[in-house]
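Asks: prediction below, plus the sequence it came from.
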Amino acid sequence: MDSKQQKQHNLEVSELRYRRLFETAQDGILILDGDSGNITEVNPFLLRILGYSKEEIIGKKLWEIGAFKDVAASQQAYATLQSKKYVRYTNLPLVTKEGRLSQVEFVSNVYMVDGDRVIQCNIRDITDTIKAKKKVASIQKALKKLNAQLEDRIKEQTKELSSTNAKLVEQLEYRSRDAESLRSLSKRLLNAQEEERRSVARELHDEVGQNLTVLKLMLGRAKVKAPEELKPVFGELSDAVNEVVRQVRNLSMSLRPGGLDELGLIPALESLFDNLNSQAGLKVHFESQDIVQFSPEVRITIYRIVQESLTNIMRHGETKEAWVRLLRLDGQLFLSVKDRGQGFDIDSIRVNRSTGLLAMRERATLVGGECNIESIIGKGTSVNVSVPLPG
């Protein structure tokens with residue numbers, strides 16, 4: 001085979017490859033005469049989109065085939081193409097022969113073939129992409145609304161809890177001579193507060209948690225059907241929902257730890273320590289004995305005192321370590337929560353009547369126990385609680 005025959009063979013192979021690509025392309029392709037604007041070639045994919053036969057398109061100008069709803073825009077696009085050699089529209093309306101409206105991306109280029117100007121138009125159907133974007137926007141709006149509702153509910157419930165706590169503090173500051181009556185009132189208020197916490201935690205878990213789970217499933221199904229370019233957006237939405245789920249779970253746990261009633265005090269405390277370590281970087285060294293189950297009142301009292309003590313360490317202690325001991329000795333349950341942080345002036349706290357410290361002492365008193373707090377500036381703080389246990 002001489003060089004001329006080789007060139008001819010290469011040309012035929014190249015034309016065959018182009019023809020295969022042209023026929024199997026998953027975008028619509030039109031070939032126009034660069035001078036007259038008449039359509040000379042159309043691929044099968046575009047014929048399926050438009051619903052026209054090849055004979056109805058070949059030989060006509062772009063705006064004569066009835067596919068583009070905005071004829072003026074088609075003529076303008078052609079004029080722009082003639083002058084700039086390139087035109088691109090990201091969202092043009094396309095009406096099929098049956099009257100179905102689609103949105104397409106339209107890209108055209110002018111190039112030379114054997115001295116003749118040729119125009120190639122690539123037409124991509126982006127109707128599903130636009131619908132998917134609208135669905136993403138709708139889901140984002142729903143998620144934003146759900147977040148707002150959740151924040152409003154949390155604020156409302158927090159306000160109610162604060163009001164209950166304020167009433168408790170007010171009653172404690174105006175002690176009557178009848179200490180037993182006041183203690184009974186304080187106990188009822190604390191029980192009411194715990195019941196409200198339990199109710200809010202259950203509502204967050206059952207209602208808000210279920211709604212978020214449904215939303216995650218919807219996002220998962222939408223992601224499977226979405227175009228490739230939108231899958232990362234659905235991934236970001238799923239991450240956002242997971243973050244809200246995590247926040248709801250943490251809030252529910254802080255209001256009423258689920259394991260406290262089902263598993264007992266020790267597992268609930270260990271879960272609290274793990275959460276504080278992962279979320280706030282507070283490492284808690286925990287020592288405990290195998291302690292038999294005791295009353296729900298003692299269980300929640302110990303848990304809340306530990307929770308309040310560790311919260312104070314994180315807020316004011318300027319340290320990332322704490323030591324918690326829970327032991328049974330001589331019919332008493334002993335709790336110790338210590339840190340080696342900056343400490344504080346006990347006398348000034350007594351004068352200012354810290355609500356948190358008062359609440360810890362009152363909780364211990366209501367179950368027949370005592371709570372003593374010691375602190376040295378620069379050396380740390382120790383909270384010590386003793387509660388009598390039934391023989």
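Replies: The structure has been received and is ready for your questions. Treat the numbers as computed from the prediction; the structure is a model and nothing was measured. Numbers count the residues shown, from 1 in each chain.
Asks: rest of the way, CA atoms for contacts and neighbours
Replies: Fine.
Asks: now the residue lying closest to residue 328 once chain neighbours are set aside, which residues is it bridged with?
Replies: Distances taken as Cα to Cα, 6 or more residues apart in numbering place residue 334 nearest to residue 328, at 6.1 Å, with adjacent residues excluded. Residue 334 has the following beta-bridge partners by DSSP bridges: residue 327, residue 386.
Asks: residue 334 - how many residues pack around it?
Replies: By the criterion of other Cα atoms under 10 Å, residue 334 has 20 neighbours.
Asks: pull the contacting residues for it.
Replies: Shown in contact with residue 334 (Cα atoms under 8 Å, 6 or more residues apart in numbering): 325, 326, 327, 328, 384, 385, 386, 387.
Asks: for residue 324, helix, strand, or coil?
Replies: Judged by DSSP: H, G, I helix; E, B strand; the rest coil, the three-state class of residue 324 is strand.
Asks: what's the burial count for it?
Replies: 22.
Asks: so it touches residue 273, yeah?
Replies: No. With contact defined as Cα atoms under 8 Å, residue 324 does not reach residue 273; the gap is 9.9 Å.
Asks: give the contact list for residue 51.
Replies: Going by Cα under 8 Å, 6+ apart, residue 51 touches 96, 97, 98.
Asks: touching, the first one and residue 50? I think so.
Replies: Yes. Residue 96 lies in contact with residue 50 (Cα under 8 Å); the separation is 4.5 Å.
Asks: returning to what we had before: would you list the contacts of residue 334 in a markdown table and tack on pLDDT and neighbour count?
Replies: Output for the contacts of residue 334, formatted as a markdown table (pLDDT from 0 to 100; neighbours: other Cα atoms under 10 Å):
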| residue | pLDDT | neighbour count |
| --- | --- | --- |
| 325 | 94 | 15 |
| 326 | 93 | 19 |
| 327 | 91 | 15 |
| 328 | 87 | 18 |
| 384 | 95 | 18 |
| 385 | 94 | 24 |
| 386 | 93 | 23 |
| 387 | 92 | 21 |
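Asks: pLDDT below threshold where in the stretch 1-150 of the chain?
Replies: 1-16, 18, 66-84 (pLDDT under 70).
Asks: and the chain, split by domain according to the record?
Replies: Using automatic domain parsing, the domain parsing of the chain gives 3-125, 134-256, 260-391.
Asks: got the buried residues for stretch 360-370?
Replies: For stretch 360-370, a neighbour-count test (16 or more other Cα atoms under 10 Å) marks 360, 361, 362, 363, 364, 365, 366, 367, 369, 370 as buried.
Asks: what does that stretch contact?
Replies: 183, 186-187, 297-298, 301, 304-305, 308, 371-372, 385-388.
Asks: and which of those is nearest to residue 87?
Replies: Among those, residue 308 lies closest to residue 87 (Cα to Cα), at 66.9 Å.
Asks: the helix or strand harbouring the closest one - contacts with which helices or strands?
Replies: For residue 308, the element it lies in under DSSP states H and E is helix 296-312. Where contact means 3 or more Cα pairs under 8 Å, 6 or more residues apart in numbering; DSSP states H and E, helix 296-312 is packed against helix 258-262, helix 265-280, strand 332-339, helix 355-366.
Asks: which one of the contacts of stretch 360-370 is nearest to residue 319?
Replies: Closest approach between those and residue 319, by Cα to Cα: residue 308, at 15.6 Å.
Asks: show me what contacts the closest one?
Replies: Per Cα under 8 Å, 6+ apart, neighbours of residue 308: 356, 360.
Asks: how about residue 335?
Replies: Neighbour list for residue 335: 302, 324, 325, 326, 327, 383, 384, 385, 386 [criterion: Cα under 8 Å, 6+ apart].
Asks: how far does the lengthiest helix in the chain sit from its chain's centre?
Replies: Criterion DSSP state H: the longest helix present in the chain is helix 127-173. Offset of helix 127-173 from its chain centre (Cα atoms, centre = their mean, to the nearest Å): 13 Å.
Asks: then stretch 372-382?
Replies: 40 Å.
Asks: so which bits of it are buried?
Replies: Buried residues in stretch 372-382, counted by 16+ other Cα under 10 Å: 373, 375, 380, 381, 382.
Asks: pretty sure the third one contacts residue 340?
Replies: The reference is to residue 380. Yes. Contact criterion Cα under 8 Å: residue 380 and residue 340 qualify, at 4.1 Å.
Asks: what is in contact with residue 324 and residue 273 at once?
Replies: residue 284.
Asks: ok, residues contacting the longest strand anywhere in the chain?
Replies: For the chain, the strand that runs over the most residues, judged by DSSP state E, is strand 101-113. Residues outside strand 101-113 that contact it (Cα under 8 Å, 6+ apart) are 34, 81-82, 85-96, 117-127.
Asks: what count of nearby residues applies to the residue nearest to residue 147 when sequence neighbours are not counted?
Replies: Counting by Cα to Cα, 6+ apart, residue 244 is the residue found nearest to residue 147 once chain neighbours are left out, at 7.8 Å. The tally of other residues near residue 244 (other Cα under 10 Å) stands at 19.
Asks: all set now, cheers.
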